[in-house]
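Participant: how would this look folded up:
(2 chains)
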2 protein chains.
Amino acid sequence: MEALKMLAENISVVFVEPETPGNIGFLARAMKNFGLRTLILINPCELEDEAYYQAMHARDIVEGALIYRDLSEMIDSLEPDFLVGTTGVPGGSYNVDRIPLRPSQLADAIRPSSGTFILFGREGDGLSNEEIGLCDMVVSVPTSEEYPIMNITHAAAIIFYELFRDREFRCEGLEEASALEKSLLLEEMDDILSLIDIPEHKQRVASRVFRNITGRAFITAREAHTLKGVLRRIKNRMKG
Amino acid sequence: MEALKMLAENISVVFVEPETPGNIGFLARAMKNFGLRTLILINPCELEDEAYYQAMHARDIVEGALIYRDLSEMIDSLEPDFLVGTTGVPGGSYNVDRIPLRPSQLADAIRPSSGTFILFGREGDGLSNEEIGLCDMVVSVPTSEEYPIMNITHAAAIIFYELFRDREFRCEGLEEASALEKSLLLEEMDDILSLIDIPEHKQRVASRVFRNITGRAFITAREAHTLKGVLRRIKNRMKG
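Facilitator: Numbers count the residues shown, from 1 in each chain, chains lettered A, B, ... in the order given. So this is what the prediction gives:
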């Protein structure tokens, strides 16, 4: 029960540029159904009555929503440990930025003690490539190929459900890496990539892949520390 | 693929006395997202534009909905093999024999070759005790005790998701690396580790960490290929 509560408290739900007030309400209600409380709105539409009406008993979540002008401002201000994007249009295997996890894989990977922010995009267009690019991982609900695009708050409800689905059976032990530890690790890798003779765009892809897998693995502090040490030695050996 | 298709074809979704046209549309869309096609409406409100609007690309499901005056008439006419009720208020006044299943238990129990009808009740009051009494089993989505009552179409989306969760849908683009690809990647990393000057047990720890994070990240074939290429170049640079 402690891990369950900790998880619920450490997840923030971010709705990027919601276009319809009702959807803000639907999202807030789905959050409260699973014990989530922190809603962040990025450049939202006006919060009309419809938002409060659809929220039903989750009106407090809408009222307490944090509002930011853009995603970068939010990230600078709140410094998420993990940023999880959601998409209904997972890319092919050549679009590295959009290789998605299933909700169950997110549930397996997520650490209750981390500050995890789950981003939902605009009703019409979802998250931009640039916004997805900021995320540590991307999640997509597996659907029928015939009609894969879900209502955004339905997708959210499924992801929340999955996060808490087996929660009482989980145990928690490892301490996750902080945003700083992860970024130092990624810097080491980038330094190494700059020392090998490959075109710049391939460097970028490789950097992104490394970031994706450390992100999706919810790398622990200890693991990040070990890898960073090894990468530093590799770098020195390459230089020397 | 056959079991998946058979299951989707043999499930009928019954909305008992829907009060809001928009919810009929939301439900139809969620159905189509999971390949379901047969919608039955019992004594519904008028199907106004809102129903078609919210259905988006599932308009055909709303248009093709079967309509009955009451539940008994539908049962007499279509003779379901299994009738599954849904409730947001498990326990309480219901018969103790009807302690609800979780959606995952329904997914385990359901037979793809049987005609299973899943009933969703009125937005305000759900299914009556009498209607629940007609059901072979009752399903409820586990939620926070603080606010257990879900939006009806959110609950439906979660139940549909769970029914197909471990069946054949795949996220496009999530082609996991094969065991061989992963082991070639780990070999490259081990080669590199053997070239830096650290004690053997630290090498083993680092190797293990790298294996853990690629494993937990569900690394894809494409990502494994990219990383392996980079590691090979790093190794050559270290040697040369």
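Participant: Go ahead and flag the most central residue of chain A.
Facilitator: Among the residues of chain A, the one closest to the centroid is A:Val84, at 1.0 Å (CA atoms, centre = their mean).
Participant: Direction included, what does the helix or strand harbouring that residue pair up with?
Facilitator: Using DSSP states H and E, A:Val84 maps to strand A:82-86. Neighbouring strands of strand A:82-86 in its sheet, by DSSP bridges, are strand A:116-120 (parallel), strand A:137-139 (parallel).
Participant: which stretches of chain A form helices?
Facilitator: With DSSP state H as the criterion, chain A has helices at A:2-10, A:21-33, A:49-55, A:59-63, A:71-78, A:103-109, A:129-133, A:152-165, A:179-195, A:200-216, A:221-239.
Participant: Out of those helices, flag the one nearest A:Gly115.
Facilitator: helix A:2-10 (5.5 Å; CB to CB). Placement of C-beta: from N, CA and C, glycine included.
Participant: Could you pull up the contacting residues of the residue lying closest to A:Phe34 once chain neighbours are set aside?
Facilitator: The shortest distance from A:Phe34 to any non-neighbouring residue, by CB to CB, 6 or more residues apart in numbering or on different chains, is to A:Phe160 (4.1 Å). Counting by CB atoms under 8 Å, 6 or more residues apart in numbering or on different chains, A:Phe160 touches A:Ala30, A:Met31, A:Asn33, A:Phe34, A:Leu36.
Participant: what number of residues lie near the fourth one?
Facilitator: It refers to A:Phe34. 27 (other CB atoms under 10 Å in any protein chain shown).
Participant: Could you identify which of the strands paired with strand A:82-86 is most buried?
Facilitator: strand A:137-139 (a mean of 27; mean count of other CB atoms under 10 Å in any protein chain shown).
Participant: Tell me what angle the strand holding A:Val84 forms with helix A:2-10.
Facilitator: 80 degrees (axes from the mean of the first three to the mean of the last three CA atoms, to 10 degrees).
Participant: Provide the contact partners of strand A:82-86 at residue level.
Facilitator: Counting by CB under 8 Å, 6+ apart, residues outside strand A:82-86 touching it are A:75, A:106, A:110, A:114-121, A:126-127, A:131-132, A:134-140, A:155-156, A:159, A:176, A:215, A:218.
Participant: Okay, now the unreliable bits of chain A?
Facilitator: A:1, A:90-98, A:167-176 (pLDDT under 70).
Participant: if we can go back for a sec, only whichever of the contacts of strand A:82-86 are buried, select them in ChimeraX.
Facilitator: Applied in ChimeraX, the following selects the buried portion of the contacts of strand A:82-86 according to 16 or more other CB atoms under 10 Å in any protein chain shown:
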select /A:75,106,110,114,115,116,117,118,119,120,121,126,127,131,132,134,135,136,137,138,139,140,155,156,159,176,215,218
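Participant: And A:Ile192, how far from B:Asn151?
Facilitator: 49 Å (CB to CB, to the nearest Å).
Participant: ok, now A:Ile159?
Facilitator: Counting by CB to CB - A:Ile159 and B:Asn151 are separated by 15 Å.
Participant: Kindly report the same for A:Val139.
Facilitator: A:Val139 is 21 Å from B:Asn151, by CB to CB.
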